[in-house]
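Trainee: A predicted structure for the sequence below; I have some questions about it.
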Amino acid sequence: MQPMNVFLQVPAPTASISSPTKQRHSGSASWAALVSPLPEDDTSYPSTPTKKKKNVRPGSPQEGGHCHRCCQLQREKETWLQQYHQQKEISLRAEHAMHKMQLELEELSASLFAAANQMVASERRARLAMEKEMEQL
């Protein structure tokens, strides 16, 4: 199927002023006059394409642009996947480090409370011992 060569003919402006209603109704009729085929002797547009396209299935390796785009998209996908896996690994390492720090914090808190309890207990014993001495005096 050969492409149809079409050009637009724009009518020259008229001196008379018509009503908007009249322009609205005449607009659809004048549209057909605006679009018309080129005369056959016009050589500015070739009637047949200069390069014949082979019967190429879309997405096949012979279709250069599509294949190039597919390869480009595949590379982008691989790049995004690689970045995703790197970020996932960084996230897992950070979670592991955070878990390790939480355990260490719990251990330190427990040992701090144990030391504080021992200090309170030893102070109580010391106070009781002093109270006994005061009673004896």
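Mentor: Structure's in. What do you need?
Trainee: quick one: the helices in the protein?
Mentor: Using DSSP state H, the helices of the chain run over 20-34, 64-136.
Trainee: now mean neighbour count and mean pLDDT too, for those, in JSON lines please.
Mentor: Backbone N, C-alpha and C define where each C-beta goes, glycine included. Shown next, in JSON lines, are the helices of the chain (neighbours: other C-beta atoms under 10 Å; pLDDT from 0 to 100):
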{"stretch": "helix 20-34", "mean neighbour count": "9", "mean pLDDT": "51"}
{"stretch": "helix 64-136", "mean neighbour count": "10", "mean pLDDT": "95"}
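Trainee: now Ile90: how far from Gln136?
Mentor: Ile90 sits 69 Å away from Gln136, taking C-beta to C-beta, to the nearest Å as the criterion.
Trainee: cool, and Ala116?
Mentor: On the measure of C-beta to C-beta, Ala116 and Gln136 end up 31 Å apart.
Trainee: do Leu105 as well
Mentor: 47 Å.
Trainee: next: Glu107.
Mentor: 44 Å.
Trainee: just Ala121 next, same as before
Mentor: Counting by C-beta to C-beta, the gap from Ala121 to Gln136 is 23 Å.
Trainee: again, but for Phe113
Mentor: With distances taken as C-beta to C-beta, Phe113 is found 35 Å from Gln136.
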